[in-house]
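Engineer: whatever this is, show me its structure:
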Amino acid sequence: MDIDPRRLRVLLAVARTGGVLAAADELGITPSAVSQQLNKLEDETGHALVVRTPKGSVLTPAGLAVAEAGEEIERALSVARARMEGGAKVAGVVRVGGFTSFIRTVVIPRLPGWRIRYPQLQIRIVEDDFPALMRLLRQRALDAVVVELDSTTAGPRSLSAGMIEEPLLDEPWKLVVPAGALLTTENVDLGRLPLPWIGVDSSAANASVVGRLRQSTGAPMETVHQYQDTLTALALVAAGEGVAIVPTLALSGINHDGVDVLDVPGLGTRRIVLRRFDRRRSAGTPVDTVARLLRESAAAFDTRSTS
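Structural biologist: Residues are numbered from 1 along each chain as shown. Sure thing, here's the model as predicted:
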């Protein structure tokens with residue numbers, strides 16, 4: 001299979017914008033040229049890459065595989081270009097929004113090193129919940145946001161025109177129970193736990209997990225209380241008030257006294273993604289530099305460790 005890598009940017013534009021017309025607008029070419037490039041790419045791969053629907057264009061499994069390869073090439077070129085240009089040339093203020101565990105664990109520990117690498121780059125952090133972060137991004141009050149999704153229930157997502165989404169990290173959900181509350185930690189029946197579930201704010205990805213489990217087990221899964229911060233959930237669990245679903249990242253570097261943290265089949269994973277508006281795709285811009293730094297930091301995180 002001999003693919004012209006120049007055609008990959010067309011497929012990526014369709015994937016990011018959701019249609020041929022929007023991709024043509026982003027690339028500055030005609031819709032006919034976009035269609036021609038897609039047809040040639042499909043001929044080169046021997047697979048259908050895009051399906052046209054009334055709501056736009058959707059990538060097939062083969063299309064997603066080719067697009068992922070294109071993103072890797074794009075990312076590698078961006079890194080090379082940024083290194084050649086040098087960190088001193090990247091200057092400006094970038095406003096990044098995110099949720100507590102990602103900011104605390106993945107972003108803040110890296111800030112001192114980033115200041116050394118890019119002395120003229122100022123990263124401003126805003127911590128908030130999912131609805132507020134997305135509203136601030138659409139209002140252009142933030143340059144990029146890091147948000148969480150339950151990977152099992154997320155499904156296809158409709159993003160605002162011009163908005164792109166980049167995966168950062170997939171990590172396992174954990175079941176947290178009061179220490180010694182279960183007679184056995186093997187073959188845990190999520191629908192028949194001896195304690196209620198600790199309620200979580202409806203905007204959190206954890207809430208989607210509880211809803212998914214309620215549907216799959218057919219159990220009522222009563223909830224008590226309602227928390228936003230993982231430390232509150234752990235305190236309630238340690239007090240014997242119930243059980244909770246918590247992502248691995250949120251458990252990193254905090255005290256687990258009074259609770260048991262369990263890996264249970266069927267819990268799934270939390271997907272962490274970066275969303276931003278970006279039409280230039282240039283590694284020399286401050287926002288692209290910060291996006292690359294966030295990808296590097298997320299890739300270095302070991303989801304196997306919760307200590």
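Engineer: in three-state terms, label V126 for me.
Structural biologist: Classification of V126 by DSSP: H, G, I helix; E, B strand; the rest coil places it in strand.
Engineer: so who does it touch?
Structural biologist: Applying CB atoms under 8 Å, 6 or more residues apart in numbering, we find V126 in contact with 95-98, 133, 136, 142. All C-beta spots, glycine's among them, are computed from the backbone N, C-alpha and C.
Engineer: domain map for the chain?
Structural biologist: What automatic domain parsing lists as the domains of the chain is 1-85, 88-164+274-300, 171-269.
Engineer: average pLDDT for the shortest one?
Structural biologist: The predicted model assigns domain 1-85 a mean pLDDT of 86.
Engineer: need the contacts of V126 in JSON lines (columns: secondary structure and neighbour count).
Structural biologist: As requested, the contacts of V126 are exported to JSON lines (DSSP: H, G, I helix; E, B strand; the rest coil; neighbours: other CB atoms under 10 Å):
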{"residue": "R95", "secondary structure": "strand", "neighbour count": "19"}
{"residue": "V96", "secondary structure": "strand", "neighbour count": "24"}
{"residue": "G97", "secondary structure": "strand", "neighbour count": "26"}
{"residue": "G98", "secondary structure": "strand", "neighbour count": "24"}
{"residue": "L133", "secondary structure": "helix", "neighbour count": "24"}
{"residue": "L136", "secondary structure": "helix", "neighbour count": "17"}
{"residue": "L142", "secondary structure": "coil", "neighbour count": "24"}
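Engineer: in TSV: those residues, plus distance to G180 and pLDDT.
Structural biologist: Converted to TSV, the contacts of V126 look like this (distance: CB to CB, whole Å; pLDDT from 0 to 100):
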residue	distance to G180	pLDDT
R95	45	97
V96	41	98
G97	39	98
G98	35	97
L133	38	96
L136	43	96
L142	44	97
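Engineer: give me the neighbour count for E127.
Structural biologist: Neighbour count of E127, defined by other CB atoms under 10 Å: 15.
Engineer: residues contacting the residue nearest to it when sequence neighbours are not counted?
Structural biologist: Counting by CB to CB, 6 or more residues apart in numbering, the nearest residue to E127 once its immediate chain neighbours are dropped is I103, at 5.6 Å. Counting by CB under 8 Å, 6+ apart, I103 touches 125, 127, 146.
Engineer: ok, L38 next?
Structural biologist: So L38 contacts 7, 10-11, 14, 20, 49-50 (CB under 8 Å, 6+ apart).
Engineer: backbone phi and psi for the residue nearest to E127, please?
Structural biologist: Main-chain torsions, I103, degrees, to the nearest 10: phi -60, psi -50.
Engineer: I'd like the contacts of I103 written out as a markdown table, with pLDDT added.
Structural biologist: Shown next, in a markdown table, are the contacts of I103 (pLDDT from 0 to 100):
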| residue | pLDDT |
| --- | --- |
| I125 | 98 |
| E127 | 96 |
| V146 | 97 |
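Engineer: now, which of those sits nearest K55?
Structural biologist: Within these, proximity to K55 (CB to CB) peaks at V146, which comes in at 26.9 Å.
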